[in-house]
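Colleague: I would like to see how this sequence folds:
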Amino acid sequence: MRLSSAGPVNRDNHVVICGPRLSPIIAQVLEGDDNLRFEKDHAWHLVDQHTGERYRSPQDEDGSAGDFGYLGRLPRLDGRGTFLYIAGIHAIGANGVVHFLEHNLAELYREVRTKRFSTLISCRYNPDTLEITESRRVTPIYRHES
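Modeller: The predicted model follows:
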């Protein structure tokens, strides 16, 4: 999904699946997350700002069938709610986040309810079928509000 204005993000019950390099609006919203960041040097990766750990896609490092994704409930630009945000370092990483949600949604909801948060998800997949075979959370759930 490519967003060309703030309007599409300002909807109730909205889910956005899009990398920050494709959408300046999403990149702007992600700047507000003091916990997790997308960064780029020789390749895109995710960084835990608290630990300094860098999560680099196994695809980029050794060609193996894995990736990382970002999952968060982020503030709408109009200040009147939140939206669910999913992105992978590569597209398959977003699939890994969806796989994680399919298997852990009830537990995640018990932890965060409707509050803002972000976390990183690791996934592995079958390189022949691109089917996600496992997904797990690799950072704490960072809450964005007290």
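Colleague: how is the residue of the chain positioned farthest from its centre assigned, secondary-structure-wise?
Modeller: What lies farthest from the middle of the chain is residue 128; by Cα atoms, centre = their mean that is 24.2 Å. What DSSP: H, G, I helix; E, B strand; the rest coil gives for residue 128 is coil.
Colleague: same check on residue 94?
Modeller: Assigned by three-state DSSP, the conformation of residue 94 is helix.
Colleague: tally of neighbours for it?
Modeller: 22 (other Cβ atoms under 10 Å). All C-beta atoms are positioned from the backbone trio N, CA, C, and that covers glycine.
Colleague: which pLDDT value goes with the residue farthest from the centre of the chain?
Modeller: Residue 128 carries a pLDDT score of 97 in this model.
Colleague: can you pull out the helices in this structure?
Modeller: Ranges of helices in the chain, per DSSP state H, are 24-30, 58-61, 91-112.
Colleague: what's the least confident stretch among those helices?
Modeller: Looking at these, the weakest mean confidence is helix 24-30, a mean of 92.
Colleague: buried ones in that one, by neighbour count?
Modeller: Residues of helix 24-30 classed as buried: 25, 26, 29, 30 (neighbour count, 16 or more other Cβ atoms under 10 Å).
Colleague: show me the shaky parts of this protein.
Modeller: The model of the chain has pLDDT under 70 over residues 1-9, 146.
Colleague: circling back to that earlier point, nearest to residue 87 among the buried residues of helix 24-30?
Modeller: For the buried residues of helix 24-30, the minimum distance to residue 87 (Cβ to Cβ) is 7.7 Å, reached by residue 26.
Colleague: surely the closest one meets residue 16?
Modeller: Yes: the pair residue 26 / residue 16 is scored as a contact, 6.6 Å apart, by Cβ atoms under 8 Å.
Colleague: quick one: contacts for the spatially most central residue of the chain?
Modeller: The chain has residue 70 as the residue nearest its centroid, 1.7 Å off, counting by Cα atoms, centre = their mean. Listed by Cβ atoms under 8 Å, 6 or more residues apart in numbering, the contact set of residue 70 reads 36, 38, 46, 85, 86, 87, 88, 97, 118, 119, 120, 121.
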